[in-house]
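Trainee: Here is my input; please provide its structure:
(one chain, ligands or ions: 3)
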Amino acid sequence: MNYKKYKKFETIKLKDRTWPDKEIEKAPIWCSVDLRDGNQALITPMKIEEKVEMFQLLVDLGFKEIEVGFPSSSQIEYDFLRLLIDEHLIPDDVTVQVLTQAREHLIRKTFESLKGLDKAIVHIYNSTSILQRDVVFNKSKEEIKKIAVEGTKLVKELSQEFEGKVILEYSPESFTGTEVDYALDVCEAVLDTWGASSDNKVIINLPSTVEMDTPNVYADQIEWMCRNFKDRERVIVSVHPHNDRGCGVATTELALLAGADRVEGTLFGNGERTGNVDIITLALNMFTHGIDPKLELSQMNQIKAIYEKCTKMEVPPRHPYAGQLVFTAFSGSHQDAINKGMHAYQQRGQDVWEVPYLPIDPADLNRQYEPIVRINSQSGKGGVAFVMDTVFGYHLPKALQADFAKAIQDISETEGEVSPERIYDTFKKEYIDIEEPYKFIKQRLIDLSDDDSEYERRAEVTIEDHGEVKTLIGYGNGPIDAVKNALNSSDDFLYTHLLDYSEHALTSGSSAKAAAYVQLRPKGSAVCEYGVGVHANITTATIKAMISAMNRIYRNIKKEG
Ligand SMILES: CC(=O)SCCNC(=O)CCNC(=O)[C@H](O)C(C)(C)COP(=O)(O)OP(=O)(O)OC[C@H]1O[C@@H](n2cnc3c(N)ncnc32)[C@H](O)[C@@H]1OP(=O)(O)O
Ligand SMILES: CC(C)C(=O)C(=O)O
Ligand SMILES: [Mg+2]
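Mentor: Ligands and ions are numbered 1, 2, ... in the order given. Take a look at the predicted model:
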């Protein structure tokens, strides 16, 4: 590849930059440009009804400044703004913004579209970059500055006739390809022409129209501008980053450190070419640092659905916070850590979220219903245990987790992803529903503690043993001991040792069921097997678990011949 075809844009070398030592402490002023920059980049721009739905979404999310279009460019853009005004769809605390090139006929037409508004941001732009001055306009620096100044004069004049308040926004478009001192010169001329002051601020928007360098270079440009404005107090410094190098979010975050007050961007980063900066990611990055993002983003799936419907764009599965797969872990070590982290977070009743691999609680975005852990051949016991626990309420003992995970891995290696339902069915088939050659029929447990007996309990267990019904009797000092001795009293039954036992309630309320887990080892053998029993009566659940473990041992011994 001929890399010599390209060169870096020479920009300032800011030696005493201060932004690297700063931190983001509050949300900036957000301005959505979905209905303009986002819309102009769509294969099929939004229809009026879609624009209205998108506008409503932006209002609901809490945007207070919304660029609604470029009304002088086409009838639909014009009509949409008229509809917002005539149908009183703009809330009092929302200011609409309109874009126009700094050209007389377009500015006049823009003002026509604003009639009836009590306030508006009128955003004018002209490109100031070295390249565009040369190839697009073929104009000198002074001539380009004149476009900005003449545009500002006209906006000022028309504002005086306008019944509402006009806030001026000026963009030296393609700022990242402009010498900073020249961009400053043009912006100062606009500010002076407007008569900007701390009571009459102008939004100076410094767009990364094309992302041309690493984010630190943009941060230097922004800090340089902020430090060199004649009167910083008369300027609201706005940034409008695009994403050509894939660093739009980082670029914006560093620009905020460098002094920007305001950010223009779009939902999910829609916009020209690789898009505008994604405001959702920026806002949630702040949220996950404990900063109020000043946007309401908790209904993430709904936001995504409206966005996809209106723009016909798709949010990719790995998109930060919103993508379908971002709260999903397939790999074993991640699943294990998430499983443990979630338990610790819940058990400790923590106020502050700390779970490995999950920078945000999915519940904060109303995404708790999606499975965090999904099972494929890269998954380990932790993931399978997590699904059994969170989806079905079974707290599998550690050794059983490993045993069962092997069974699931065998399936995933041939079939790919294994659904929670398939996991549960396999669990039932492997550990609960095995009734050959022994099958539980009924049980009675008698308390002997008031008798003279040397035992506390007598168990009477009726089973089917290779088709023959038998009642087995056993004594012990506890129910489990008595049951185990009852089962072991059968000559046909393999004499077993109980290695592990645990139980827990599966459900609550009057129909509560319990799950019992039993690990048995037959006499003279190293083969250990788990069995699981589920029943409303805990003794019955335990007997069923023992019989199930015996059936598994029997099956293995038979297999080994
Ligand atoms: C980075 C951005 O996203 S900027 C926003 C871009 N968005 C859009 O362009 C969408 C809407 N735009 C349009 O519909 C059209 O471009 C219009 C209606 C605005 C203008 O239409 P037209 O004048 O017919 O076409 P076009 O945009 O190609 O105009 C180019 C002319 O305007 C001049 N021009 C372009 N931008 C500016 C500006 N900001 N100030 C003054 N003149 C400008 C060009 O030099 C060129 O002049 P020339 O005809 O003498 O060579
Ligand atoms: C109109 C301007 C601000 C723009 O969209 C850009 O420079 O990307
Ligand atoms: Mg843009």
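
Trainee: Tabulate the CA atom coordinates of stretch 263-283 in CSV.
Mentor: Extracted C-alpha coordinates of stretch 263-283, given in CSV (Å, rounded to 0.1, in the frame of the first residue of the first chain):
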residue,chain,number,x,y,z
VAL,A,263,-21.3,19.0,22.4
GLU,A,264,-23.2,18.5,19.1
GLY,A,265,-23.7,14.8,18.2
THR,A,266,-26.3,12.2,17.4
LEU,A,267,-27.9,9.1,18.9
PHE,A,268,-25.8,6.0,18.3
GLY,A,269,-23.4,8.2,16.2
ASN,A,270,-25.4,8.4,13.0
GLY,A,271,-24.2,11.1,10.6
GLU,A,272,-22.0,11.8,7.6
ARG,A,273,-19.6,9.0,6.5
THR,A,274,-18.5,7.3,9.8
GLY,A,275,-20.9,9.4,11.7
ASN,A,276,-21.1,12.1,14.2
VAL,A,277,-20.0,11.5,17.8
ASP,A,278,-22.4,9.2,19.7
ILE,A,279,-24.0,11.2,22.5
ILE,A,280,-25.4,8.1,24.1
THR,A,281,-22.0,6.7,24.6
LEU,A,282,-20.6,10.0,25.9
ALA,A,283,-23.4,10.5,28.3
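
Trainee: what ranges do the strands span in the stretch 301-450 of the chain?
Mentor: Along the stretch 301-450 of the chain, the segments classed as strands by DSSP state E, counting those that start in this stretch run 438-447.

Trainee: OK, now which residue of it is nearest to ligand 1?
Mentor: Nearest residue of the stretch 301-450 of the chain to ligand 1 (Cβ to the nearest ligand atom) works out as T311 at 16.3 Å. Where C-beta positions appear, they are placed from N, C-alpha and C, glycine not excepted.

Trainee: quick one, what contacts that residue?
Mentor: By Cβ atoms under 8 Å, 6 or more residues apart in numbering, the contact set of T311 is G38, L42, M46, E50, M54, N270.

Trainee: same thing but at 6 Å, please
Mentor: Applying Cβ atoms under 6 Å, 6 or more residues apart in numbering, we find T311 in contact with L42, N270.

Trainee: Does the closest residue to ligand 2 within the stretch 51-200 of the chain belong to a helix, a strand or coil?
Mentor: The minimum distance from the stretch 51-200 of the chain to ligand 2, using Cβ to the nearest ligand atom, falls at S171 (4.0 Å). Classification of S171 by DSSP: H, G, I helix; E, B strand; the rest coil places it in strand.

Trainee: Is it bridged to anything, and to what?
Mentor: Under DSSP bridges, the beta-bridge partners of S171 are Y125.

Trainee: tell me the pLDDT at it?
Mentor: Predicted confidence (pLDDT) for S171: 99.

Trainee: quick one: it and T274, what's the gap?
Mentor: From S171 across to T274, the span is 19 Å (Cβ to Cβ, to the nearest Å).

Trainee: higher neighbour count, the two?
Mentor: Higher neighbour count among S171 and T274: S171, with 26 against 15, using other Cβ atoms under 10 Å.

Trainee: didn't that one look like it was pressed against L206?
Mentor: No. S171 lies out of contact with L206 (Cβ atoms under 6 Å); the separation is 7.6 Å.

Trainee: Provide the backbone phi and psi angles at D261.
Mentor: Main-chain dihedrals, D261, degrees, to the nearest 10: phi -100, psi -20.

Trainee: tally of neighbours for it?
Mentor: Neighbours around D261, by other Cβ under 10 Å: 16.

Trainee: next one: I303
Mentor: That count, for I303 with other Cβ under 10 Å as the rule, works out to 22.

Trainee: On the pLDDT front, check it for me.
Mentor: Model confidence at I303 (pLDDT) stands at 98.

Trainee: Can you check the pLDDT for the residue nearest to A385 when sequence neighbours are not counted?
Mentor: Of all residues not flanking A385 in the chain, Q401 sits nearest, at 4.4 Å (Cβ to Cβ, 6 or more residues apart in numbering). At Q401, the pLDDT value in this model is 96.
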